[in-house]
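In: for reference, the sequence and a predicted model appear below.
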Amino acid sequence: MYHHLERRLAQHVRDFLRRAYDLDLPRIVIEQPPRVDLGEYALPLAFELAKKLRKPPRKIAEEIVASIGVVPGFEKFELAGAGYINARLKRGEVAAALAADERPRTENAPGKILVEHSSINPNKAAHIGHLRNAILGDTFVRLLHFAGREVDVQNYIDNTGVQVADVVVGFLHLEKKTRAEIEQLARQPRFDYYCWDLYARVSHWYEQDKQNLQSRTQTLHAIEQGGNETAALAELMSTAVLRRHLETMDRLEIKYDFLPRESEILHLHFWDAAFTKLKAGGVLFFETEGKNKGCWVMRRGKILTTEHKEGAEDGRVAEEDQKVIVRSNGTVGYVGKDIAYHLWKFGLLGRDFGYRKFYRYPNGRDCWISTPVGALDHPHFGDVAEIYNVIDARQAEAQNTVLEALRGLGYNRQADHYRHFSYEMVALTPGCAAELGYELSDEDKGRAHIEVSGRKGFGVKADDLIDTLIASAKKEVDSRHAQLSDAERLAIATQIAIGALRYFMLKFTKPSVIAFDFKEALSFEGETGPYAQYAVVRATNIFRKGGIEPDQFSAEGFDFSQYLSGEAGNEIWELWLAASKTSYIVDQCIATTEPAYLAKHAFQLAQLFNYFYHRHPILNEADEGRKKFLLATAAVVRRELIRSLAVMGITVPPVM
RNA sequence: GGGCGCGUAGCUCAAAGGGAUAGAGCAUCGGAUUUCUAAUCCGACGGUUGCAGGUUCGAUUCCUGUCGCGCCUACCA
């Protein structure tokens, strides 16, 4: 609603400027005045025009206000401050439309969007860093759905890399396990925890004796080759861990449509097809000298290096920056496989995966996985118009290489629709690390945060955090709702825990490193998910006590204007205005790939509602008209809050 | 060395393609309820936005320089 009216205003101003001043501004800046009593929209237009028109801003603003005319839905324009032009809405009209949940039609951009997120190495349990990725990715998917877009959710599985090889080495060389024993272990409910520890042990074992690294190389080679016992073990282990990851994410309502695996990128010769294209397109070069001799490389401009000091003017010499794509032993690195995958994503590779069903969610939805030979009947994946890759900032370089390869092949249109949804990592505070029992160096103790490391087994496992959150919420629910059954209390505690966790991961903007700390993550007060959930529960309680079904409540034909006008109306109007912004915020989140704005929106709505709740006892209101108005306010805010939380993957329990 | 990012209240973070008095939460202190149950609300305290310049009517935001921190800079993924 807010967005719709803003666009209408912008269009009107644009037309007006063209007509009255023969001006075409590249962008009409519209913002919100600092206080709602100054109006709903502010145009700093006059400041910008002051120089062009050689007149003081106030004078220009005055002129514009006098002659701009009327815009449907708007009350009037006013001059404010040093030259702002503020616009006032017809509050009653906007409120009536909002109460009736009138949503302006929006025309959707055509084409399917592919969102890739999670992509956890299937060799150990998921940790909090993976949670940030999955929650950001899943929320972005929900944002796109809210905006009416069609989305494919993919989770790329690197099941043939060194990380998987390392755990296989652990089973074979450290534990000397048989296949049957590993199969037995893989049936354990938390097999991924077992692998977590084993992975750390293997890393340690490599450090003890560099000779041990030979088994990694051999194992990796066997896995890549396929069709042998080692590869079968890798498949067994990685598939079991993958299943665990899906279960963990399913606890948070995070679902995937398709799991493309690196083994198929190799065995279905995706790479060979990409390699041929890259060579033919002149993107890859065979290096015949220097340190990359014998490799296929991508050339990426010149860099200055200090390595060769002789013969250079300033002691530096320009050297070609090369990215090795194919190693001198003929094997292809991760980036090469990623290039092939991305050509497939855009339907440019000329090959497809085999597909089979892998995991069925409780709601009946299927998650598919790649396989060498698959089912004949399967959904069509890939071949999309736009892609978003939710991958942490450390991989920006690799993402750029993929992008450059696409451009190098002449796929500029596709490259323009390739977005690296970049975000910073989750690290542990030194205090948190100490709490977990890790020994810290003096250097680490002085740091703001310490990077999580799967290799060292250093981190907070996702399921542990979820368990802790549920237990903590359960304790509180138990004490508040002793009359409910244990199953009911657990269900409520689970909703609260998910709300807390998802909100926590979303409230930080993407470029901010999250310094994880249990106290903050386990908080259910202040700027948290449960705070927002609680506001909804309170709103629901009003209706329940009043014997009204909140979703059925209707204020059709009601005249809101008398209650929203003037000084007295400002306070509650602020709440209505905030409630009108949900779709506006969603659009902002998508345009900026920043879900944190939605978290802020939900919190602000909840905050305003709690204030309103305290100041206006609704059910005791004697004036019937005013009571209806207050109920309508609660109904609209409740609806928008539920909507906003749902986009973040947060549901609201019946009681709290 | 080069690239990317960050530096805002005691702590953790906002401020959305420059805008009106830089806002929240936590912590601390002081208050509010036999209510639509307080996972709540109100108030107080708390700021030279790392530093120095520049552009602008206006800079936390843009530019230059500088200091500090993190990440990337593998024939790992």
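Out: Here it is on my side, so go on.

In: could you use CA atoms for every contact and neighbour count after this?
Out: OK.

In: up against RNA strand B, what does the stretch 451-600 of chain A have?
Out: Taking Cα under 7 Å from any atom of the strand as the criterion, the neighbours of RNA strand B within the stretch 451-600 of chain A are A:451, A:473, A:476-477, A:480-481, A:493, A:496, A:507-515, A:524-527, A:530-531, A:534, A:538-539, A:541-542, A:545, A:585, A:588, A:597, A:600.

In: apply 6 Å and report the result again.
Out: Contact residues (Cα under 6 Å from any atom of the strand) of the stretch 451-600 of chain A with RNA strand B: A:473, A:476-477, A:508-509, A:511-515, A:524-527, A:530-531, A:534, A:538, A:541-542, A:545, A:585, A:588, A:597.

In: distance of A:Phe47 from RNA strand B?
Out: Here the distance between A:Phe47 and RNA strand B works out to 5 Å (Cα to the nearest atom of the strand, to the nearest Å).

In: beyond the helix or strand where that residue lies, next helix or strand please.
Out: With elements delineated by DSSP states H and E, A:Phe47 resides in helix A:45-53, which encompasses its position. The C-terminal neighbour of helix A:45-53 among helices and strands, as given by DSSP H and E, is helix A:57-67.

In: anything in that next one near RNA strand B?
Out: No: contact check for helix A:57-67 against RNA strand B, using Cα under 6 Å from any atom of the strand: none in range, with a minimum separation of 8.3 Å.

In: go on, stretch A:404-423?
Out: No: in terms of Cα under 6 Å from any atom of the strand, no part of stretch A:404-423 sits within range of RNA strand B; the closest distance is 8.6 Å.

In: now that stretch: mean pLDDT?
Out: Mean pLDDT, taken over the full extent of stretch A:404-423, equals 95.

In: report the buried residues of it.
Out: Applying a neighbour-count criterion of 16 or more other Cα atoms under 10 Å, the buried positions in stretch A:404-423 are A:404-408, A:411, A:414-415, A:418-423.

In: do the same with stretch A:447-464
Out: Buried residues in stretch A:447-464, counted by 16+ other Cα under 10 Å: A:449-452, A:454-455, A:457-463.

In: that one spans what distance, first to last residue?
Out: End-to-end distance for stretch A:447-464, by Cα to Cα, to the nearest Å: 25 Å.

In: quick one: the strands in the stretch 301-450 of chain A?
Out: A:317-326, A:354-360, A:366-371, A:386-392, A:418-423, A:426-428, A:450-451 (DSSP state E, counting those that start in this stretch).

In: distance to A:Ile618 added to these, as TSV?
Out: Listed next are those as TSV, based on distance: least, Cα to Cα, whole Å:
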stretch	distance to A:Ile618
strand A:317-326	66
strand A:354-360	45
strand A:366-371	46
strand A:386-392	45
strand A:418-423	43
strand A:426-428	43
strand A:450-451	50
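
In: just name the most buried of these.
Out: Across those, the average number of neighbours (mean count of other Cα atoms under 10 Å) peaks for strand A:426-428, which reaches a mean of 24.

In: residue ranges with poor pLDDT in the stretch 1-150 of chain A?
Out: A:107-108 (pLDDT under 70).

In: can you list the buried residues of stretch A:447-464 in CSV and add pLDDT and secondary structure?
Out: Rendered in CSV, the data for these read as follows (pLDDT from 0 to 100; DSSP: H, G, I helix; E, B strand; the rest coil):
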residue, pLDDT, secondary structure
A:His449, 91, coil
A:Ile450, 92, strand
A:Glu451, 92, strand
A:Val452, 91, coil
A:Gly454, 88, coil
A:Arg455, 89, coil
A:Gly457, 89, coil
A:Phe458, 91, strand
A:Gly459, 93, coil
A:Val460, 96, coil
A:Lys461, 97, strand
A:Ala462, 97, helix
A:Asp463, 98, helix
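
In: which one of these is nearest RNA strand B?
Out: Closest approach between these and RNA strand B, by Cα to the nearest atom of the strand: A:Glu451, at 6.0 Å.

In: show me what contacts the closest one?
Out: With Cα atoms under 8 Å, 6 or more residues apart in numbering as the criterion, the residues that contact A:Glu451 are A:Met425, A:Val426, A:Ala427, A:Leu428.

In: which of these are close to RNA strand B?
Out: Answer for those near RNA strand B: none qualify (Cα under 6 Å from any atom of the strand).

In: any idea which of the residues you listed is closest to A:Pro110?
Out: Lowest distance from A:Pro110 to these (Cα to Cα) belongs to A:Met425, with 33.0 Å.

In: tally up the residues packed near that closest one, please.
Out: Taking other Cα atoms under 10 Å as the neighbour definition, A:Met425 ends up with a count of 23.

In: just to check, it is in contact with A:Val390?
Out: No: contact between A:Met425 and A:Val390 fails when scored by Cα atoms under 8 Å: they sit 12.0 Å apart.

In: secondary structure class for the nearest residue to A:Leu25 once chain neighbours are set aside?
Out: Residue nearest to A:Leu25 in three dimensions, not counting chain neighbours: A:Arg14, with 7.4 Å by Cα to Cα, 6 or more residues apart in numbering. Assigned with DSSP: H, G, I helix; E, B strand; the rest coil, A:Arg14 falls in the helix class.

In: next, count neighbours for A:Arg14.
Out: By other Cα under 10 Å, 17 other residues sit near A:Arg14.

In: between the strands of the stretch 301-450 of chain A, which gets nearest to A:Gln604?
Out: Proximity to A:Gln604 (Cα to Cα) singles out strand A:418-423 among the strands of the stretch 301-450 of chain A, at 23.7 Å.

In: quick one: list the elements packing against that closest one.
Out: The criterion is 3 or more Cα pairs under 8 Å, 6 or more residues apart in numbering; DSSP states H and E, and the helices and strands that strand A:418-423 contacts are strand A:386-392, helix A:396-408.

In: just the buried residues of the residues of the stretch 451-600 of chain A next to RNA strand B.
Out: Buried members of those, scored by 16+ other Cα under 10 Å, are A:473, A:477, A:508-509, A:513-515, A:524, A:527, A:530-531, A:534, A:538, A:541-542, A:585, A:588, A:597.

In: with adjacent residues omitted, what lies nearest to the residue of the stretch 351-500 of chain A found nearest RNA strand B?
Out: Closest residue of the stretch 351-500 of chain A to RNA strand B, Cα to the nearest atom of the strand: A:Arg394 (3.8 Å). For A:Arg394, the nearest residue in space outside its immediate sequence neighbours is A:Glu424; the separation is 7.8 Å by Cα to Cα, 6+ apart.
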